[in-house]
Each structure stands twice: as C-alpha cells, then as structure tokens.
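Engineer: could you look at this predicted model? Sequence included:
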Amino acid sequence: MALILIADDSPTEIYVLKKILEKYNHQIITAEDGEQAVEVALKENPDLILMDVVMPKLNGFQATRRLSKDPISQDIPIIIVSSKNQETDKLWGMRQGAKGYLGKPVTEEQLMQEINALLETVS
C-alpha cells in the first residue's frame, strides 16, 4: 500500500484513477493543478505521483521539473498520465524528471504495471 498523489484538473479522470488505485489498497491524495501538486507533494511526501500535463497555473511538465529538482521531492517517482502522447511529449516528460509516461485513456493493467515497477525500485 502506497500514498499516491493524483494531479489532474479533470474530476472525472481523478475519479477513474482513484477507483483503480483504491482497488489495490493505495491511499490517494489529489491536486487540481500543477501548483497545487507541487505544494501537496512537498507537504505530504507521497510514494508516487500521477501527473497530468495540461493543467492550469503550472502544467505537468513544469510541476514535474520543479519536483524532480527539489531535494525534498526529487526521489518521488512521477508518472505522467496525459492525452499528450506523441513521442516528443514522452521524451520531454522524461527529460523533466518523470520516471514513466502513459497515454490517456490508460488501462488498469498499464497503470498498475507502471506503478508496481516504480514502487519496487523505491522500496
């Protein structure tokens, strides 16, 4: 069981991801924009972050870069979950510090595979 931050400005997307993760007994915290994602991550120190890209205030790439450069949060694995899933988007996301990149709509199997792989490397 892990504490996972879902950063997405879509209540529907948060709901879908939350339902999947709760099935596996993960605890969920949420953020509605990139700025809030950075604040919550620094305060709560989640085990993993699921980050959307297209969000108000700070986009997911900016938030990922900020978190991966901050000594407090640099070890938290970030998986970008976005409808922006061109190869260039994926490369850019990884260069900002993301450890994984999934295109929406994401399947439960893809999501859990990525999360489990990253959580194993952290623990």
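Structural biologist: Everything's here; your move. Numbering: from 1, shown residues only.

Engineer: buried residues of stretch 57-71, list them for me.
Structural biologist: Buried residues in stretch 57-71, counted by 16 or more other C-beta atoms under 10 Å: 58, 59, 60, 61, 62, 63, 64, 65, 66, 67, 68. Backbone N, C-alpha and C define where each C-beta goes, glycine included.

Engineer: closest one to residue 110 out of the residues you listed, please.
Structural biologist: The closest of the buried residues of stretch 57-71 to residue 110 turns out to be residue 60 (C-beta to C-beta; 17.7 Å).

Engineer: near the spatially closest residue to that closest one that is not a sequence neighbour, how many other residues are there?
Structural biologist: What sits nearest to residue 60 in space, not counting adjacent residues and going by C-beta to C-beta, 6 or more residues apart in numbering, is residue 53, at 3.8 Å. For residue 53, the count of nearby residues is 26 (other C-beta atoms under 10 Å).

Engineer: would you say residue 53 is within a helix?
Structural biologist: No - per DSSP: H, G, I helix; E, B strand; the rest coil, residue 53 lies outside any helix segment and is coil.

Engineer: from residue 38, how far out is the residue nearest the centre of the chain?
Structural biologist: A centroid search over the chain (C-alpha atoms, centre = their mean) returns residue 50, at 1.6 Å, as the residue closest to the centre. Per C-beta to C-beta, to the nearest Å, residue 50 is found 14 Å from residue 38.

Engineer: the helix or strand of the chain with the lowest mean pLDDT - contacts with which helices or strands?
Structural biologist: When the helices and strands of the chain are scored by mean pLDDT, DSSP states H and E, helix 108-122 comes last with a mean of 92. For helix 108-122, the contact count by 3 or more C-beta pairs under 8 Å, 6 or more residues apart in numbering; DSSP states H and E identifies helix 11-23, strand 48-51, strand 78-82, strand 100-103 as packing neighbours.

Engineer: next, the angle helix 11-23 makes with that helix.
Structural biologist: Angle between the axes of helix 108-122 and helix 11-23 is 60 degrees (criterion: axes from the mean of the first three to the mean of the last three C-alpha atoms, to 10 degrees).
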